[in-house]
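Asks: Just need the structure, nothing else, for what follows:
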Amino acid sequence: MGKVSARVLRIVFHVFQGAVIGLGAVLPGISGGVLSVVFGVYKPLMEFLANPLARFKSHAPRLFPYIVGYVVGFMGIANLLAYFLEEHPDPSICLFVGLIAGMLPSLWKEAGLQGRSVKAFISMFTAMSVVFALLIWLRMASVEITPGFVWYLFCGFSLALSIIAPGMSFSALLMPLGLYAPFVDGIGHMAPEVLIPGGIGGVITIVCLSKAVNSLFETHYSQAFHGIVGIIIAATVMIVPFESISLFHREGLLNVFFLALGVFIAGVMDKMNHIEGCSPT
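Replies: Now for the predicted structure:
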């Protein structure tokens, strides 16, 4: 009975993690790919997407709870938390920043499982610099376009890219172009004119890039993982509301509290991930 309860608890926990990844995918400034790395599901997901038929039996059962949670988080709970992000953006973002920051020590340890060469550090700092430059450019851009089939294809590409390339928030790509709101609204209302091209763009991106990413991990694990750590650091730093974090006024203290809460939750999740049989890897 105890083993059954523990198994149910692990499944519920993985569904919850999947929901958080889904939330990270849809909320502005957050990356679902970053959170999938944080929760240890990124590598097995890439392995499955690269060879779905060959790895279906070994990977699908373990990934299914995450996929269910992702859909729930993206389609359902995200609408509620999007409200809090709009009404209370700084505490919400601080919670996510704390969550990611709290898992960085574990990610750093995993990145060094096969050693840390000079190439690994070059990879990390190069990836960090590229993401910093890209996100700063996107913040400075002010291009407005009219949504349509081709642009929704691009939206699907961006969404899939945010999963395959950790740190690449699809909202960061779409918001400067005026595509984020209509794309998310179309998904929420199950609009076929949005779902069809978005789905096509996402599937094409996953098919074309997942094999390359998985191959990169198999042949250059240390460089690839350190590159991801660099991406996560840059993407996280770019969303920190530094001007709203302070110990000298109530709002600033509230943000510090949520930042600390995120670190605490990350620590709890990290311990649960290391319970035997709980990790998807």
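
Asks: ok, which stretches of the stretch 101-250 of the chain are helices?
Replies: Counting by DSSP state H, counting those that start in this stretch, the stretch 101-250 of the chain has helices at residues 118-140, 149-164, 170-174, 180-188, 192-219, 221-239, 250-273.

Asks: Which among the ones you listed is found nearest to S36?
Replies: The closest of the helices of the stretch 101-250 of the chain to S36 is helix 149-164. By C-beta to C-beta, the value is 6.7 Å. For the C-beta atoms, the positions are set from N, CA and C on the backbone; glycine is no exception.

Asks: Which secondary structure elements does that closest one sit against?
Replies: Applying 3 or more C-beta pairs under 8 Å, 6 or more residues apart in numbering; DSSP states H and E, we find helix 149-164 packed against helix 2-26, helix 32-38, helix 42-50, helix 170-174, helix 180-188, helix 192-219.

Asks: now that helix against helix 180-188, angle please.
Replies: If you take axes from the mean of the first three to the mean of the last three C-alpha atoms, to 10 degrees, helix 149-164 sits at 80 degrees to helix 180-188.

Asks: quick thing: my sequence starts at 203, can you match it?
Replies: Yep, numbering from 203; the last one is helix 351-366 now.

Asks: Isn't V222 up against V236?
Replies: No. Using C-beta atoms under 8 Å as the test, V222 is too far from V236 to be in contact (11.0 Å).

Asks: more crowded one of these two?
Replies: V236 (30 against 26; other C-beta atoms under 10 Å).

Asks: Please enumerate residues in contact with stretch 396-409?
Replies: 251, 351-352, 354-363, 365-366, 384-385, 388-389 (C-beta atoms under 8 Å, 6 or more residues apart in numbering).

Asks: let's see 10 Å
Replies: 248, 251-252, 254, 349-367, 372, 384-391, 393-394, 415 (C-beta atoms under 10 Å, 6 or more residues apart in numbering).

Asks: Off-centre distance for it?
Replies: 18 Å (C-alpha atoms, centre = their mean, to the nearest Å).

Asks: How about stretch 383-391?
Replies: On C-alpha atoms, centre = their mean, the centre of stretch 383-391 falls 19 Å from the chain's centre.

Asks: Check the helices and strands packed on helix 351-366 for me and report the most buried one.
Replies: Ranked by mean neighbour count, these are led by helix 234-240 with a mean of 28 (mean count of other C-beta atoms under 10 Å).

Asks: So which elements touch that one?
Replies: For helix 234-240, the packing partners by 3 or more C-beta pairs under 10 Å, 6 or more residues apart in numbering; DSSP states H and E come out as helix 204-228, helix 244-252, helix 254-274, helix 291-313, helix 351-366, helix 423-441, helix 452-475.

Asks: which one of those lies closest to V333?
Replies: So among the helices and strands packed on helix 234-240, helix 423-441 is nearest, using C-beta to C-beta, at 3.9 Å.

Asks: What distance do you get for the residue most central in space within the chain to G403?
Replies: Centroid-nearest residue in the chain, with C-alpha atoms, centre = their mean: G234, separated by 1.8 Å. Distance of G234 to G403, computed by C-beta to C-beta, to the nearest Å: 16 Å.
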